[in-house]
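Participant: Sharing a model that was predicted from the sequence below.
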Amino acid sequence: MNLIRAQNQLDLVGKTPLLRIESLSHITGCEIFVKCEYMNPGGSVKDRAAKNMIDEALASGALKPGMSIIEGTAGNTGIGLAFIAKTRGIKATVVMPKGQTIEKEKMVSLYGAELILVDAVPFANQNHFYHTARRMAEEEPSKYWWANQFENLANFRAHYQETGPEIWQQTDGKIDAFVSSAGTGGTLGGVSKFLKEKNAKIKTILVDPDGSGLYSYMKTGQFVSQGSSITEGIGIMRLVANFREAVLDDAYQIPDQELVTISRHVRDRDGLLLGSSSALNLAAAYRLAKEMGPGKCIVTVACDLGERSASKLYNDEFLAEKGLKVSGVSLV
């Protein structure tokens, strides 16, 4: 038995297990796995990027003693930065758009970070959470270090250097496909590039929710969005540095009903309570398994657990308002 004895919380970031989803593997005849990123101490895959961005900034001198970290985020990156900052004795400010789950807002505050809520507006609006954080850092450069998770390639490197190699090792190199959504593109970029360098035959697939433009960009070269999604922090409408690193074969667009259905299925049959982005990823892995046929090994990312999506994904009244069903539906 390999038991870890950690010197501090930072030692617990990464090295997450790979979990076989028994029910979906049985249905498809494939081996479907999720990388259990919810087991990071801050509760999500974003702990990896947060840690590496801060570590690289400290090493380079960009983040100096006495400065505060600032970032605009839809949730999990803010929680990760708040957690890592608290562990390192650094102050953090998180700028978040209104309308994210109350659970994420509370987690940022519980870690002691300053939480600034701004109106949810299009990216072109200078009051967007991204521009607000950037502007605050530019106006007080001696006070703030801006993490800039979309363009900061320390995000990508966290997954190219660690997450990808872990998946390769955990599957003994016998992986046929990797599928993931993209918030900044760090996870998808790092893992896909590493796996493709190990074996170019591994299929690497983007999954995009309605309302994002990445699926359209992959298919047509243009950012066009249709509809909306209950997912948070997933999908973007511009080409950012971390996503540019991704090496991809194809893209799926998954409607909310599919991720809602898969979330209930694995909760009831596997005892796994997924967050919305995790359910989106697993819905895509399930679709890919049916397309590829039996005998394949498919890996995706369980970004976080369902407690951070409780007020939306597991709120039947909210889902009904969005026209989504939680009963009378099944996997097909």
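Facilitator: Arrived safely, thanks for sending. Being a predicted model, the structure only gives us computed values, none of them experimental.
Participant: end-to-end on stretch 149-164?
Facilitator: The straight-line separation of the ends of stretch 149-164 (Cα to Cα, to the nearest Å) is 19 Å.
Participant: Mean confidence (pLDDT) on it, please.
Facilitator: Stretch 149-164 carries an average pLDDT of 98.
Participant: Can I get stretch 207-221 in CSV, CA atoms only?
Facilitator: The C-alpha trace of stretch 207-221 is given here as CSV (Å, rounded to 0.1, in the frame of the first residue of the first chain):
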residue,chain,number,x,y,z
VAL,A,207,-16.2,18.8,-25.7
ASP,A,208,-18.0,22.1,-25.8
PRO,A,209,-21.3,23.1,-24.2
ASP,A,210,-24.0,25.1,-26.0
GLY,A,211,-23.2,28.9,-25.8
SER,A,212,-19.5,28.4,-26.4
GLY,A,213,-17.7,29.0,-29.7
LEU,A,214,-14.9,26.5,-29.5
TYR,A,215,-16.9,23.8,-31.3
SER,A,216,-17.6,26.2,-34.1
TYR,A,217,-14.0,27.2,-34.2
MET,A,218,-12.8,23.6,-34.5
LYS,A,219,-15.3,22.9,-37.3
THR,A,220,-15.2,26.1,-39.3
GLY,A,221,-12.4,28.3,-38.0
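Participant: So which bits of it are buried?
Facilitator: V207, D208, P209, D210, G211, S212, G213, L214, Y215, S216, Y217, M218 (16 or more other Cβ atoms under 10 Å). Quick note: C-beta positions are derived from backbone N, CA and C, even for glycine.
Participant: Now that stretch: average pLDDT?
Facilitator: On average, stretch 207-221 scores 93.
Participant: Identify the residues contacting that stretch?
Facilitator: 179-182, 206, 222-229, 231, 234-239, 243, 248, 250-256, 259, 280-281, 283-284 (Cβ atoms under 8 Å, 6 or more residues apart in numbering).
Participant: What about those residues, which are in helices?
Facilitator: Cross-referencing those against helices under DSSP state H gives F243, D256, L259, L280, N281, A283, A284.
Participant: before we move on, back to that, go through the buried residues of stretch 207-221 and flag which are in helices.
Facilitator: Short answer: these in helices (DSSP H) are L214, Y215, S216, Y217, M218.
Participant: now those in JSON lines, with distance to G164?
Facilitator: Shown next, in JSON lines, are these (distance: Cβ to Cβ, whole Å):
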{"residue": "L214", "distance to G164": "20"}
{"residue": "Y215", "distance to G164": "23"}
{"residue": "S216", "distance to G164": "26"}
{"residue": "Y217", "distance to G164": "23"}
{"residue": "M218", "distance to G164": "20"}
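Participant: follow-up on the earlier one: what remains of the contacts of stretch 207-221 if I keep only buried residues?
Facilitator: The buried subset of these - by 16+ other Cβ under 10 Å - is 179-182, 206, 225, 229, 231, 234-237, 243, 248, 251-254, 256, 259, 280-281, 283-284.
Participant: Identify each buried residue in the lowest-mean-pLDDT helix or strand in the chain, please.
Facilitator: Across the helices and strands of the chain, mean pLDDT, DSSP states H and E gives its lowest value to helix 102-110, namely a mean of 92. In terms of neighbour count (16+ other Cβ under 10 Å), helix 102-110 has its buried residues at E103, K104, E105, M107, V108.
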